[in-house]
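Asks: My questions concern the predicted model and sequence given below.
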Number of protein chains: 2
Amino acid sequence: MCLDEVRSKPHERLSAHLSDDLDAVNRLIRERMQSEHAPRIPEVTAHLVEAGGKRIRPLLTLAAARLCGYDGEMHRLLAATVEFIHTATLLHDDVVDESEQRRGRPTANLLWDNQSSVLVGDYLFAKAFLLMVETGSIRILEILSRAAATIAEGEVLQLSVARDLSTGEDVYSKVIRGKTAALFEAATEVGGVVAGAPEEQVAGLAGYGDALGMAFQVVDDLLDWGGTSGEMGKNTGDDFRECKITLPVIRAVARADADERAFWERTIGKGRQEDGDLEIARGLLVRHGALAETRQVALDYAARAKAALAPLPAGELRDMLSDLADFVVARIS
Amino acid sequence: MCLDEVRSKPHERLSAHLSDDLDAVNRLIRERMQSEHAPRIPEVTAHLVEAGGKRIRPLLTLAAARLCGYDGEMHRLLAATVEFIHTATLLHDDVVDESEQRRGRPTANLLWDNQSSVLVGDYLFAKAFLLMVETGSIRILEILSRAAATIAEGEVLQLSVARDLSTGEDVYSKVIRGKTAALFEAATEVGGVVAGAPEEQVAGLAGYGDALGMAFQVVDDLLDWGGTSGEMGKNTGDDFRECKITLPVIRAVARADADERAFWERTIGKGRQEDGDLEIARGLLVRHGALAETRQVALDYAARAKAALAPLPAGELRDMLSDLADFVVARIS
């Protein structure tokens, strides 16, 4: 695949290809976020779901179902379910992280209050389950409930290892699986299940979603350090400032000498940072090859995502999903 | 029924009668609150579920199923589900209300942090759904998902009408239905459904749970004003101090003259309270008969709960459920 194709943004090609489905999902989302009794619910929800997210997760469900030859409409309910779960976790995340900006706009917790974010998130979780129930499939309910549990578990784990420099790569994997990959995996898997696809294809879709989500999050964590070659720009360094321990730091800490270890202890373990520390930290990551290795981990996940698609029917949709995996890592190529 | 029987605490008789079931539910709760990855989850959960709550909601599910002649074990999964949903809402409520005490102990948000309470609550919601999924019943999943949505909706509604003196009784009913009655109703209804009871009995159980929950909450709101005759003790006046608008206030505001209206506007609408205001407020409630009327509303709900049990098989279990309705209002008799 040439770079021009990568840059034509496969999620936009997916949106165009699935535009009828996606329009129906957007209508469903607007319809189901209403509350008969509490108008604040659609207000808060609309602030987030209409802020121009890319709808990647619902697109994955729609694409997975169509790729398996599904010609019904149940996959739209599931796509809306997945977006509701995602929106609920964003609302709760912003409370947990005390965030003030999301998608370039003030967060709901800032515009309204933490209370509204917590409770509207709860409402959307419950509505997500009601949407799933309409499919009548216990297997689908189990997949998505398990994903919801993995998401919450990953977030609690992240909270409990905050600033802990002994955090290993196994914990990091569990955290980012919860943060991103679990819902990507469930989104593609239920698309296959609702289509009644053979188990081999369902497993392929689940493997694709998981690896794509892992690649996505590793790339995000790498870009927070400005990538392997780029300069640290204004959108970088947040993880360091927030003392978040991501893969590059884990690799660099593992190879730190006594002085370097003291540096990480002070800046991340104790959170006592001074001017210039971010640049020193980045220098250590480069010196120990941690950024180049993290890039390779992301590329490996993207390759694994593409390979997982092998059992699925060849064609335009499979190509777009494959291109999406390339696109996710194109930012660090 | 004589008062001695009321005072023998029907929920303790239910616990004794259903002790095998209840022990199994407690084991199930301890087992399913574990997290493979995040030890903070069972820590936070145990703090709450082992604090000696009365397990009223799981008891309702167990009793409803057995009353309908159920001899399986699936109702235990549902009883644990109901307790998980309840625990999750308590965790989130304490964040929303910024509470510092629950069941006589410091709240989880105080002992850990708001973040842990939000995320562990989310985890318990997800685990509740996984427990339900094991029953394989779409109808049960729908009943409990709808209850979860009603709970969140009621909480958001309460938040959006806070301090709003134009709040009417319809809004109050929706708020307390979300706060208490929706989960009571779902708890008893799924007991009947899992037992495969005839529709008339399922409807009777749902009606019982709803009315019992409404009675419970109206009593709570009345006791916060010291009941109809009692003195205002140290456990009273919280709602007034927090500017919460409950049934007694709604009735008194509806009959307020201009001076009284100004009083309510200042103390609840604007939250500007002075020493002695609580006593003045209570005087207004008494003068307008608002406390006596609220008591009657609670008694009516309790009577409705008992009447709803008519289609259920007569016997010891039905008597205990009936006595429970009397017990709930015995505190205001």
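Replies: Arrived safely. What you see is a predicted model; the values in this text were computed from it and never measured.

Asks: Can you get me a residue count around the closest residue to chain B within the stretch 201-333 of chain A?
Replies: Nearest to chain B in the stretch 201-333 of chain A, going by Cβ to the nearest Cβ, is residue A:242, at a distance of 13.0 Å. Heads up, the C-betas are built off the backbone N, CA and C, glycines and all. Here the number of neighbours of residue A:242 (other Cβ atoms under 10 Å in any protein chain shown) works out to 13.

Asks: May I have the phi/psi pair for the nearest residue to it once chain neighbours are set aside?
Replies: Sequence neighbours aside, residue A:97 is the residue nearest to residue A:242 in space, at 8.0 Å (criterion: Cβ to Cβ, 6 or more residues apart in numbering or on different chains). Per-residue torsions, residue A:97: phi -90, psi 0 (degrees, to the nearest 10).

Asks: How much space separates residue A:97 from residue A:158?
Replies: Counting by Cβ to Cβ, to the nearest Å, the gap from residue A:97 to residue A:158 is 10 Å.

Asks: cool, residue A:54 as well?
Replies: From residue A:54 to residue A:158 the distance is 24 Å (Cβ to Cβ).

Asks: And the two? Which one has more around it.
Replies: Using other Cβ under 10 Å, the more surrounded residue of residue A:54 and residue A:158 is residue A:158, with 23 against 13.

Asks: Give me the spatial nearest neighbour of that one, chain neighbours excluded.
Replies: Closest residue to residue A:158 apart from its sequence neighbours, by Cβ to Cβ, 6+ apart: residue A:175 at 4.6 Å.

Asks: who does the helix or strand the one you found falls within touch, helix- and strand-wise?
Replies: In this assignment (DSSP states H and E), residue A:175 forms part of helix A:169-176. With contacts taken as 3 or more Cβ pairs under 8 Å, 6 or more residues apart in numbering or on different chains; DSSP states H and E, helix A:169-176 sits against helix A:138-160, helix A:199-223, helix A:247-254.

Asks: Report the angle between the next helix or strand after it and helix A:138-160.
Replies: Going down the chain from helix A:169-176, the next helix or strand is helix A:182-194, by DSSP H and E. Helix A:182-194 runs at 180 degrees relative to helix A:138-160, counting by axes from the mean of the first three to the mean of the last three Cα atoms, to 10 degrees.

Asks: any residue of helix A:182-194 up close to chain B?
Replies: No: residues of helix A:182-194 are not located near chain B by Cβ under 8 Å from any Cβ of the partner chain, the shortest gap being 10.6 Å.

Asks: Helices of the stretch 201-333 of chain A, start to end?
Replies: A:238-241, A:247-254, A:258-264, A:277-287, A:290-308, A:316-330 (DSSP state H, counting those that start in this stretch).

Asks: Format these as JSON lines; extra columns: mean neighbour count.
Replies: JSON lines is the format used below for the helices of the stretch 201-333 of chain A (neighbours: other Cβ atoms under 10 Å in any protein chain shown):
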{"stretch": "helix A:238-241", "mean neighbour count": "16"}
{"stretch": "helix A:247-254", "mean neighbour count": "22"}
{"stretch": "helix A:258-264", "mean neighbour count": "13"}
{"stretch": "helix A:277-287", "mean neighbour count": "16"}
{"stretch": "helix A:290-308", "mean neighbour count": "20"}
{"stretch": "helix A:316-330", "mean neighbour count": "20"}
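
Asks: In TSV: those helices, plus mean pLDDT.
Replies: Formatted as TSV, the helices of the stretch 201-333 of chain A follow (pLDDT from 0 to 100):
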stretch	mean pLDDT
helix A:238-241	91
helix A:247-254	97
helix A:258-264	97
helix A:277-287	95
helix A:290-308	97
helix A:316-330	96
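
Asks: Does residue A:141 touch residue B:129 like I think?
Replies: Yes: counting by Cβ atoms under 8 Å, residue A:141 does reach residue B:129; the two are 7.1 Å apart.

Asks: Spell out which residues of the stretch 1-150 of chain A are next to chain B.
Replies: A:35-41, A:89, A:92, A:95-96, A:114-116, A:118-123, A:125-127, A:129-130, A:133, A:136, A:138, A:141-142, A:145-146, A:148-149.

Asks: Can you select the buried ones from these in PyMOL?
Replies: This is the PyMOL syntax for the buried subset of the residues of the stretch 1-150 of chain A next to chain B, where burial follows 16 or more other Cβ atoms under 10 Å in any protein chain shown:
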select buried, chain A and resi 35+37+38+40+41+89+92+95+96+114+115+116+118+119+120+121+122+123+125+126+127+129+130+133+138+141+142+145+146+148+149
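
Asks: Tell me the pLDDT of residue A:151.
Replies: Note on residue A:151: pLDDT of 94.

Asks: tell me, how many neighbours does it end up with?
Replies: 28.

Asks: Tell me the pLDDT of the nearest residue to it once chain neighbours are set aside.
Replies: Once flanking residues are discounted, residue A:151 sits nearest to residue A:178: 5.1 Å by Cβ to Cβ, 6+ apart. Listed pLDDT for residue A:178 reads 95.

Asks: picking that back up, can you count the residues close to the residue nearest to residue A:242?
Replies: 15.

Asks: What separation do you get for it and residue B:281?
Replies: On the measure of Cβ to Cβ, residue A:97 and residue B:281 end up 40 Å apart.

Asks: can you check residue A:319 too?
Replies: 70 Å.

Asks: ditto for residue A:108
Replies: According to Cβ to Cβ, residue A:108 stands 34 Å off from residue B:281.

Asks: what's the closest non-adjacent residue to residue A:98?
Replies: Nearest non-adjacent residue to residue A:98, counting by Cβ to Cβ, 6+ apart: residue A:109, 7.7 Å away.

Asks: Now do the contacts for the one you found.
Replies: A:91, A:94, A:95, A:98, A:99, A:116, A:117 (Cβ atoms under 8 Å, 6 or more residues apart in numbering or on different chains).

Asks: Please pick the buried ones from the residues you listed.
Replies: Counted by 16+ other Cβ under 10 Å, the contacts of residue A:109 give A:91, A:94, A:95, A:116, A:117 as buried.

Asks: Could you list which of those belong to helices?
Replies: Using DSSP state H, the members of the buried ones among the contacts of residue A:109 that fall within helices are A:91, A:94, A:95, A:116, A:117.

Asks: Farthest pair within these?
Replies: Maximum pairwise distance among those (Cβ to Cβ): 11.2 Å, between A:94 and A:116.
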